[in-house]
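1. Coordinates for the following, if possible.
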Amino acid sequence: MDIIVRWTLKNNAAYEIGYDYEEERDGFYGGDNLDTDMNEETVYWPSDSTPDAATYHVCVEWYDKVPALPTRLVVMVEGVQVKSEYRVFDTNLYQDEVLRQLLRG
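-> The predicted structure is shown next:
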């Protein structure tokens with residue numbers, strides 16, 4: 001599984017941080033979960049930088065079919081958790097079908 005964070009600025013410049021683009025606009029990809037003993041991936045901005053003012057889209061891509069892929073999104077601001085969301089994805093579906101389900105609600 002891979003985490004990808006995407007955002008677009010008002011001037012339509014688009015950015016992405018993840019496995020393929022490990023550093024962008026002071027933000028960093030924390031590394032591939034296959035290289036560690038933990039099943040998590042992180043995108044972060046160091047405390048001495050500020051992310052762009054934008055809407056951020058957090059995507060999860062998977063490559064193997066498993067019965068269920070539990071995911072947890074945690075957003076921290078200055079060391080304080082401001083959002084947490086838990087979702088289980090059915091990886092037997094194609095990713096575009098999952099996206100359609102999410103868009104429907």
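
2. and W45, what does it touch?
-> Neighbouring residues of W45 by CB atoms under 8 Å, 6 or more residues apart in numbering: D26, G27, F28, P51. Where you see a C-beta, it was placed from the backbone N, CA and C, and this is true even at glycine.

3. Pull the most distant pair out of those residues.
-> F28 and P51 (11.2 Å; CB to CB).

4. Only the buried subset of the contacts of W45, as a ChimeraX command please.
-> A single ChimeraX command suffices to select whichever of those are buried according to 16 or more other CB atoms under 10 Å:
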select :27
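
5. Spit out the contact partners of I4.
-> Neighbours of I4 in contact, by CB under 8 Å, 6+ apart: E16, I17, G18, Y19, V58, C59, V60, E61.

6. again, only using 6 Å
-> G18, C59 (CB atoms under 6 Å, 6 or more residues apart in numbering).

7. Quick check: bridge partners of it?
-> Beta-bridge pairing of I4, defined through DSSP bridges, involves C59.

8. Would you reformat the contacts of W45 as a markdown table and include secondary structure?
-> Shown next, in a markdown table, are the contacts of W45 (DSSP: H, G, I helix; E, B strand; the rest coil):
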| residue | secondary structure |
| --- | --- |
| D26 | coil |
| G27 | strand |
| F28 | strand |
| P51 | coil |
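
9. Rebuild the contacts of W45 as CSV, extending it with pLDDT.
-> Listed next are the contacts of W45 as CSV, based on pLDDT from 0 to 100:
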residue, pLDDT
D26, 95
G27, 95
F28, 96
P51, 94
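
10. any idea how far the nearest residue to S47 once chain neighbours are set aside lies from S49?
-> Ranked by CB to CB, 6 or more residues apart in numbering and with sequence neighbours excluded, the top spatial neighbour of S47 is E78, at 7.3 Å. E78 is 12 Å from S49, where distance means CB to CB, to the nearest Å.

11. These two: who's more crowded?
-> S49 (11 against 6; other CB atoms under 10 Å).

12. three-state assignment of that one?
-> What three-state DSSP gives for S49 is coil.

13. Which residue comes closest to it once chain neighbours are left out?
-> For S49, the spatially nearest residue (CB to CB, 6+ apart) is D26, at 3.8 Å.
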